[in-house]
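Q: the sequence and its predicted three-dimensional model are supplied below.
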Amino acid sequence: MKIHLITNCTNLKKRNIQGKVALESLTKKHSSQTIVNSWCKHLENAEQKVPAIELYAGDHWKVAKSIIIPNLDLWVLSAGYGLIHSSSNIGSYDATFSNGSENSINKTGLTNNEWWKALHQIRNSVNLKCHSLHSLVSTNADDVFFIAASPDYLRVIQAELKELVFNKKLTHKNLFIVSSKHNIDEKLTPFFLESSASFCRTLKGGRVSLNIRLAKYLLEQDEVNGFSHKKVIDKYNHLKNTSEKLLVNNRQKLSDDEINSFITKELKFQQGPKMSASMLLKRLRSKNLACEQKRFTRLFKDLI
């Protein structure tokens, strides 16, 4: 029995940025098939290709690679390539299902779900180790599927998961879904394990890598007795019952214009070393003001 760990990662190693394929090269004026066809051709003609496990970076990916258990297969939910095995040779790209980036999928005029579906219909799946999530599960019916993904990426595979559950190819014995709280379909809630912010202290690390840290915690079990559904649930419930609940800061939320005004003002009057986005965000929050880290970083980069 194999354990298929399926996760998402959007950070690329800087040394692999050269020749990167970006969504901004596409246009909304064409049909969805033409847009995705063009994208796939760009990827096939990438200047340099390396195994996916070497392409991605960041704390999330570092944790994913550190999970060492018998018979583990690591898969990636990629906005650029679709579902790929970590050993697949791929080129550098810039595309994401998260909103707010210049290379967000919705900038093409397609929804994330439309893009995902078209991508798997058009792409050359031979070198990517599977045709789709549906085919991966269908051909490995006796295996376990452990999905640790952010809500934006989980939503694009939700329809496939529901169909696989309906057809009893995924059951409570072989499916686990780890993600932060969001409006997951009720048919998938029996498999859902929320990565609560209260777990951060026990699992160590920030919220950006919390999904994969929780997956690592649940997957690394006693090798003597092997993997079991009961052990996963017992470990999760123990973590949930023993973790300290975080105090909620009711910070004031700001608009993009207000954030830009704050950044401009702080940079204008800064003294000493050059301010980083993280330093400014910390200062913003110290004033009881709120902004999500990715959004703040994007706005910061746009201004400088």
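A: Sure thing, it's come through.

Q: so which residues of this structure form strands?
A: Listed in chain order, the strands of the chain (DSSP state E) span 3-8, 21-22, 49-51, 72-78, 82-85, 89-91, 93-94, 144-148, 175-179, 192-194, 252-253, 289-290.

Q: the longest one vs strand 3-8, what angle?
A: Think strand 72-78. Interaxial angle, strand 72-78 versus strand 3-8 (axes from the mean of the first three to the mean of the last three Cα atoms, to 10 degrees): 20 degrees.

Q: partner strands of strand 72-78, with direction?
A: Strand pairing for strand 72-78, using DSSP bridges, gives strand 3-8 (parallel), strand 82-85 (antiparallel).

Q: what of the second one?
A: Taking DSSP bridges as the criterion, strand 21-22 sits next to strand 93-94 (parallel) in its sheet.

Q: residues in contact with the strand it pairs with?
A: Applying Cβ atoms under 8 Å, 6 or more residues apart in numbering, the contact partners of strand 93-94 are 12, 20, 21, 22, 23, 24, 43, 46, 80, 81, 103. For glycine as for every other residue, the C-beta is placed from the backbone atoms N, C-alpha and C.

Q: what's around the third one, how many residues?
A: The number of residues packed near residue 21 is 22, by other Cβ atoms under 10 Å.

Q: hmm, back to that, so for residue 291, which of the strands paired with strand 72-78 sits nearest?
A: strand 3-8 (22.6 Å; Cβ to Cβ).

Q: so how far is the closest one from its chain's centroid?
A: A distance of 11 Å separates the centroid of the chain from that of strand 3-8, by Cα atoms, centre = their mean, to the nearest Å.

Q: equivalent analysis for stretch 212-220, please.
A: Computed by Cα atoms, centre = their mean, the chain-centroid distance of stretch 212-220 equals 15 Å.

Q: and the helix ranked longest in the chain, what's buried?
A: Secondary structure of the chain per DSSP state H: the longest helix is helix 151-166. For helix 151-166, the neighbour count (16 or more other Cβ atoms under 10 Å) marks 151, 152, 153, 154, 155, 156, 157, 158, 160, 161, 164, 165 as buried.

Q: what do you get for stretch 138-149?
A: 140, 143, 144, 145, 146, 147, 148, 149.

Q: now stretch 282-293
A: The neighbour-count criterion (16+ other Cβ under 10 Å) identifies 284, 289, 291 as the buried residues of stretch 282-293.

Q: helix or strand with the lowest mean pLDDT in the chain?
A: strand 21-22 (a mean of 72; mean pLDDT, DSSP states H and E).

Q: what does that one contact?
A: Contacts of strand 21-22 (Cβ under 8 Å, 6+ apart): 39, 42, 43, 46, 80, 91, 92, 93, 94, 95, 103.

Q: report how many residues lie close to the second one.
A: By other Cβ under 10 Å, 17 other residues sit near residue 42.

Q: for the fourth one, same thing?
A: Around residue 46 there are 16 other residues, counting by other Cβ under 10 Å.

Q: can you check the third one too?
A: By the criterion of other Cβ under 10 Å, residue 43 has 20 neighbours.

Q: and it, how far is that from residue 13?
A: Distance, residue 43 to residue 13, by Cβ to Cβ, to the nearest Å: 17 Å.

Q: returning to what we had before: wait, which of the buried residues of helix 151-166 is closest to residue 118?
A: Set against residue 118, the nearest of the buried residues of helix 151-166 by Cβ to Cβ is residue 156 (11.6 Å).

Q: dump the residue contacts of the closest one.
A: Neighbours of residue 156 in contact, by Cβ under 8 Å, 6+ apart: 77, 97, 112, 113, 115, 116.

Q: could I get the buried residue list for stretch 68-83?
A: 73, 74, 75, 76, 77, 78, 79, 80, 81, 82, 83.

Q: sorry, wrong one. I was asking about stretch 111-125.
A: Within stretch 111-125, the residues that count as buried by 16+ other Cβ under 10 Å are 112, 114, 115, 116, 117, 118, 119, 120, 122, 123, 125.

Q: again with stretch 56-67
A: Residues of stretch 56-67 classed as buried by neighbour count (16+ other Cβ under 10 Å): 56, 57, 60, 61, 63, 64, 67.

Q: need the max-distance pair from the residues you listed.
A: 57 and 67 (16.6 Å).

Q: now render the strands paired with strand 72-78 as CSV, adding distance to residue 32.
A: Converted to CSV, the strands paired with strand 72-78 look like this (distance: least, Cβ to Cβ, whole Å):
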stretch, distance to residue 32
strand 3-8, 22
strand 82-85, 15
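
Q: closest one to residue 193 among those strands?
A: Closest approach to residue 193 among the strands paired with strand 72-78 is made by strand 3-8 (13.6 Å; Cβ to Cβ).
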